[in-house]
Each structure stands twice: as structure tokens, then as C-alpha cells.
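Participant: coordinates only, sequence not included:
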């Protein structure tokens, strides 16, 4: 197992057999924990609501599960750099408390660092523990791959991750036993030449996700839902990164029960004056934005009178409009072009699935569309799995020759 200190070799076959049984039991215990789910809901605190929600035991169990997996490696050096208490206030008002630990894993020089990280990530697949970040970095000035591991807990109708382990893989030159069972990452050389504009929808719910995307230093464009807890904070982060900021304008869908933004939604039942007034109010709630795209809106974007009123206000304020293409019969881009409003239409949604591999496949499909037509627009969302997928693939995308551009560069 991974070394915590100097060990002695034994020729006693019974000791070896016993050790193997213990290791199998340890891994089984770790996977059992990792497959269980916490019943705590960080967004549902009851009528009065606790001021704090503790995930300390969950953190401890998660860290033990990671240890149990890592300690099956008999040629890695594991260093525990200690734990720190973490606190984060939720939209419910409750404060979540958990523990975060830093681990340093020395691996043999012949083992690729990303392959080692992928091995650990693979052991966690299908469990409650999730890998939420993998990136190349440094550890004590050595080349390293960082892997963040989180517990997933209930958050209203969805889930939320809290990082319990940050693991740094680096080469320990004193380790020379090879890792024969670590699969080498399969890489292929991709070549693209088109221009792709990526719009990140639904910003305003979680500013941390927006910050992670801005940190990728890719010229994404960000569409912000108005009047959400982190709408203004998201705008500040986007502007700070020099990115294009947009209003994600709530518009009436065909299914009224699916309408998510209530009184902030442009409705076909409104008269032109009210439509223009509401559109203006929502634009002005996000000072300095460059353009607008529609949130939902299948009913509103396919209604010519409603769209003309919306576009009239957008034109008055000197902004562009991108039709999100949530409905094949949407008239947004066609009417905008006729009214002299810079416009474009979404070609592909990247994250209809929460599966990160599927999201990455869609990114490459978008690249192929951009190659075919010279340029393309793709839309995805500020969601954990989407951010994870971009963090995994962004370096390869940049190296492929695909030119990521602000949406302003592909409008007509």
C-alpha cells in the first residue's frame, strides 16, 4: 500500500494473504461509504431552519474512503498535509460546515501524473464521492496534477458538492517500482479551423461556477438571469475577466407551468408598451451588458408582435440579440436582422445531459459545425458538470486550432 513510513519485506505467505484480505475489506468499506447518500438537505432547513448544517462526519468518512483506495497502492507515497474547517452560507440562509484536507501523492517517475489522477477518479465513479476538478498545476514547485474530490449532498431538488480532499500527484524520484496496472490516457490529435462562440446561460445562481469558467481564460460570453441572488456578483466577475456579458431575458414558454422566472418574464398577453418597459427594466438591472438572448421563450419568440416589441427596446439601447433556438419556429433572429439589430442563432446545446463525457462529445460536435460553416454558436449552462467538462477539455480545444471567439464576432 501507499507508504506512510518505512516498511519491511516479509516472506511469510500467510501474512501476505492476510494483508490482501485486509486491503480488499478496506476498499469495500470505502466504496460502501461512497455509494451511500446523505439525507441532509442544505437548501431545505425546515420551518425555523437551523443556523448551521454540519457535514463533519460525512467529511471524515469521505476522507477515509479515499485513504482506503489510495492505500492499496504499494508503490506510492502518501502525505497528509492536514485539514481545515470550511464554512459556506447557502441560499436557504443556513451555514454549511465541513472539513477539507490536502493530500500529496508521490508516484514513480514513469507514471504519468494525469494517468494516476484518472486511476483514482475511476475508482470513485458511480459513488457519492465526485471528482469536481482535474488540472495541471505545481506542488512545492514540482509539476503536478491536482484532483479535487467532493461529497455530494441534497440541495432542494438538485445536489451540491463540497470539496473534502484536494489531492496533488507529483513525481517522487525515490520511487522506482512501476505502475503496471495504471492505464495510460488515450489521446488523439484533433484539428479544427472554425470559429466557435460559446454562450454560458443561467449565470446568477452560483457565482463560483461563473468564476471557474472565467478562470479558463477562454472568450466565452455569459448570459445572466436577472434578479437572482448572484446576478450582480456574476456581472462583476464577468466584467473583471474582460468577457462579454448579456441579459438572459426570461420569455414565455409554450408550457406555462414550466415558466421559471415569474413576474420577470415577457408574456404574449402584455401590450407593446409593457413589453418594452419590462425588457428595458431587465436590461438596466445589469448595467453595461452588450446583448440579450432568450431564456425559455418558445411561445414568445414565435410570436411576431411580442418579438418586435422586445427587439425595439433592444435596438433602442444599442444591444445585440441572439436567438437561443429553444423552438424551431422562433422568429427572433429573422426579425432582428430585418430591424437592423445585430443577431445570430444558436446552433447546438452542449449540456442537455449531465454526463461530462457526453458534454465533451457535444463540444467537439460544435467544433465540427464551426468547421463546416466557418463559424457557429453553442450554448451551455453554468452548472457543475458543464464546468467540470470544460476544465477537462479546454487545453485540448485550444490546441486543436478551433478559434473560440466572443459571440459579438459571429453576429450578422
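Facilitator: Sure thing, it's come through. Treat the numbers as computed from the prediction; the structure is a model and nothing was measured. Numbering: from 1, shown residues only.
Participant: now for this structure, which residue lies nearest the mean position of the chain?
Facilitator: Most central in the chain under C-alpha atoms, centre = their mean is residue 387, positioned 2.0 Å from the mean C-alpha point.
Participant: Any stretches of the stretch 151-300 of the chain with poor pLDDT?
Facilitator: Judged against pLDDT under 70, the low-scoring parts of the stretch 151-300 of the chain cover residues 157, 181, 183-188.
Participant: mind redoing it with 90?
Facilitator: Counting by pLDDT under 90, the stretch 151-300 of the chain contains low-confidence residues at 152-160, 173-190, 256-259.
Participant: so who does the residue nearest to the centre of the chain touch?
Facilitator: Residues touching residue 387, when contacts are defined by C-beta atoms under 8 Å, 6 or more residues apart in numbering, comprise 209, 212-213. Every residue, glycine included, has its C-beta placed from N, CA and C.
Participant: Now do it against residue 195, distance only.
Facilitator: Residue 387 sits at a distance of 23 Å from residue 195 (criterion: C-beta to C-beta, to the nearest Å).
Participant: and residue 374, what does it touch?
Facilitator: For residue 374, the residues meeting the contact criterion (C-beta under 8 Å, 6+ apart) are 194-195.
Participant: now swap in the one 4 residues further on and tell me
Facilitator: The contact partners of residue 378, by C-beta under 8 Å, 6+ apart, come to 196-199, 346-350, 362-363, 366, 369.
Participant: Tell me how far the helix or strand containing it lies from the chain's centre.
Facilitator: With elements delineated by DSSP states H and E, residue 378 resides in strand 375-381, which encompasses its position. For strand 375-381, the gap between its own C-alpha mean and the chain's C-alpha mean amounts to 16 Å (C-alpha atoms, centre = their mean, to the nearest Å).
Participant: quick check: mean pLDDT across it?
Facilitator: Averaged across strand 375-381, the pLDDT comes to 98.
Participant: do stretch 315-329 as well
Facilitator: For stretch 315-329, the mean per-residue pLDDT is 97.
Participant: and if you look at stretch 359-367?
Facilitator: Here stretch 359-367 scores 97 as its mean pLDDT.
Participant: returning to what we had before: looking at the contacts of residue 378, which one is closest to residue 411?
Facilitator: Closest to residue 411 out of those is residue 197 (8.7 Å), distances taken as C-beta to C-beta.
Participant: so which of the contacts of residue 378 is the most crowded?
Facilitator: Across these, neighbour numbers were computed from other C-beta atoms under 10 Å; residue 197 holds the maximum, 28 neighbours.
Participant: what about that residue, distance to residue 381?
Facilitator: 15 Å.
Participant: how about stretch 143-151: buried residues?
Facilitator: With burial defined by 16 or more other C-beta atoms under 10 Å, the residues of stretch 143-151 counted as buried are 144-151.
Participant: Could you list which of those belong to strands?
Facilitator: Cross-referencing the buried residues of stretch 143-151 against strands under DSSP state E gives 144-151.
Participant: residues near residue 109, how many?
Facilitator: Residue 109 has 12 nearby residues by other C-beta under 10 Å.
Participant: So it, which state does it fall into?
Facilitator: For residue 109, the secondary-structure state derived from DSSP: H, G, I helix; E, B strand; the rest coil is coil.
Participant: Neighbours of the residue nearest to it when sequence neighbours are not counted, how many?
Facilitator: Using C-beta to C-beta, 6 or more residues apart in numbering and skipping the chain neighbours, the partner closest in space to residue 109 is residue 171 (4.9 Å). The burial count assigned to residue 171 is 18, neighbours taken as other C-beta under 10 Å.
Participant: Return the set of residues that bridge with residue 171.
Facilitator: Note on residue 171: beta-bridge partners by DSSP bridges are residue 107.
Participant: related to what we said a few turns ago, turn the ones in strands among the buried residues of stretch 143-151 into TSV, columns for distance to residue 189.
Facilitator: Converted to TSV, these look like this (distance: C-beta to C-beta, whole Å):
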residue	distance to residue 189
144	25
145	21
146	25
147	25
148	28
149	30
150	32
151	37
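Participant: Okay, domains of this protein per the record?
Facilitator: As recorded under automatic domain parsing, the domains making up the chain are 13-171, 195-409.
Participant: quick one, which of the ones you listed is packed in tightest?
Facilitator: For the domains of the chain, ranked by mean neighbour count under the definition mean count of other C-beta atoms under 10 Å, the leader is domain 195-409 at a mean of 20.
Participant: Could you list the paired strands of the strand holding residue 378 along with their orientation?
Facilitator: Applying DSSP bridges, one finds strand 375-381 paired with strand 195-203 (parallel), strand 348-349 (parallel).
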